[in-house]
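Visitor: Have a look at this fold, sequence not included:
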Ligand code: KG4
Ligand code: ZN
């Protein structure tokens, strides 16, 4: 089955062609980062308009790269939520219109299920069951995964998501959007131990997270340095390192607890923050203790992309699921409501 996947939930237009027999044939992405950077974050209306502009050229590009014709496509998968409503509607309208024109089914995919399944596109995919740490700009969740659509939420952030904490902290320190890669870059030059930040909610039981206090702690530290006349690049790097270490260690502590609690030995990390090298290394070390394994997607499939949507959509289509022709999207959508396959 040849599936066209469209991703438009936020500020990336992603398109991919996935074949159930041959795997991923082609994928293309247009990132709107430069468009939104001057505003310090995503401007929803600008995002929607840009998705309209990019979508059809990207679809033509993947068809050409894969050496396929539109007439060979068996189904269209699109991100139906969660995300920015206007942006989601562009992908949903485009997918439904193409499906109608081509006489093929369309299926709406949950964006976080897409992220969760992205490591399945790699050469050594994880096997069910596993624990998944979903860390994106909008979500931080620990989930027990027994199969597609068989999700048990173990814990989640009570305030900011991990990616959001990176983005907001970076903004407070005058860094560019998106903050995650910027903080990671500065942290590489940071002096270990100059600052040590708290590891929120690790001193009490449970698998929930909270990152907003850490953001405030970072801001206070930065302001104290500035009032003392120290706005040096090195200080920025040292603060970035302390912040990143606090997030990474907090996530690692909670993952260790989730593995102990479930008795599982496989951990999948997915979503934009799973591209973070320091997080990957810390989790790999921790999984070493369990004689377990950590799985993640290649960096460009950690952040938003069309390949994960084409893959997730294909699995649901193969199980006989698809949607009617209505163009419906959901800005908020819990993964627990998804049907099992
Ligand atoms: O999954 P994603 O592309 O979009 C959402 O679904 O939200 O995640 C984007 C988030 C942003 O907050 C970005 O700062 C963060 O992922 N991110 C990173 C890194 N690369 C992207 N955070 C930390 N380290 C990175 N290397
Ligand atoms: Zn995402």
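Guide: Thanks, I have it. Just so we're clear, the structure is a prediction, and the values are computed from it rather than from any experiment. Ligands and ions are numbered 1, 2, ... in the order given.
Visitor: quick one: residue 172 and residue 216 touch, right?
Guide: No. Checked against C-beta atoms under 8 Å, the pair residue 172 and residue 216 is beyond contact range at 9.0 Å. To be clear about C-beta, it is placed using only N, CA and C from the backbone, and glycine gets the same treatment.
Visitor: So which of those two has more stuff around it?
Guide: It is residue 172, of residue 172 and residue 216, that has more neighbours when counted by other C-beta atoms under 10 Å, with 16 against 12.
Visitor: Could I get the contacting residues of the more buried one?
Guide: Counting by C-beta atoms under 8 Å, 6 or more residues apart in numbering, residue 172 touches 215, 218, 219, 222.
Visitor: Compare those and tell me which is most surrounded.
Guide: residue 218 (24 neighbours).
Visitor: about what we covered before: just curious, which of the contacts of residue 172 is nearest to ligand 2?
Guide: Distance to ligand 2, by C-beta to the ion, is smallest for residue 215 among those, at 20.1 Å.
Visitor: Could you give the backbone dihedrals for the closest residue to ligand 1 within the stretch 201-341 of the chain?
Guide: Ligand 1 sits closest to residue 272 of the stretch 201-341 of the chain, with a gap of 2.1 Å, by C-beta to the nearest ligand atom. Phi and psi for residue 272, reported as degrees, to the nearest 10, are phi -50, psi -40.
Visitor: That one: what's it in contact with?
Guide: Contacts for residue 272 (C-beta under 8 Å, 6+ apart) come out as 135, 136, 137, 163, 178, 180, 302, 303, 304.
Visitor: go again using 7 Å as the cut-off
Guide: For residue 272, the contact set (C-beta atoms under 7 Å, 6 or more residues apart in numbering) comprises 136, 137, 163, 180, 302, 303.
Visitor: Check the burial of the third one by counting its neighbours.
Guide: In this case it means residue 163. 26.
Visitor: Isn't it up against residue 273?
Guide: Yes. Counting by C-beta atoms under 7 Å, residue 163 touches residue 273, with 5.0 Å between them.
Visitor: Please report the number of neighbouring residues for the residue lying closest to residue 189 once chain neighbours are set aside.
Guide: Closest residue in space to residue 189, ignoring its immediate chain neighbours: residue 237 at 4.3 Å, by C-beta to C-beta, 6 or more residues apart in numbering. By the measure other C-beta under 10 Å, the count of residues near residue 237 is 19.
Visitor: do residue 117 as well
Guide: Residues near residue 117, counting by other C-beta under 10 Å, number 25.
Visitor: could you show me where the helices are in the chain, in order?
Guide: Along the chain, counting by DSSP state H, helices occupy 33-37, 44-66, 85-102, 111-117, 162-172, 179-187, 212-227, 233-262, 277-289, 306-318.
Visitor: where does the stretch 101-250 of the chain come near ligand 2, residue by residue?
Guide: Along the stretch 101-250 of the chain, the residues adjacent to ligand 2 under the rule C-beta under 5 Å from the ion are residue 136.
Visitor: try 8 Å
Guide: Applying C-beta under 8 Å from the ion, we find that the stretch 101-250 of the chain lies next to ligand 2 at 111, 112, 114, 115, 136, 137, 138, 139.
Visitor: of those residues, buried ones?
Guide: 111, 112, 114, 115, 136, 137, 138, 139 (16 or more other C-beta atoms under 10 Å).
Visitor: Phi, psi for the residue of the stretch 51-200 of the chain found nearest ligand 2 please.
Guide: Scanning the stretch 51-200 of the chain for the residue nearest ligand 2 gives residue 136, at 4.4 Å (criterion: C-beta to the ion). Backbone geometry at residue 136, expressed as degrees, to the nearest 10, gives phi -130, psi -170.
Visitor: Return the residues in contact with the closest residue to it other than its chain neighbours.
Guide: Spatial nearest neighbour of residue 136, excluding adjacent residues (C-beta to C-beta, 6+ apart): residue 271 at 3.3 Å. Applying C-beta under 7 Å, 6+ apart to residue 271 gives the contacts 115, 134, 135, 136, 139, 163, 302.
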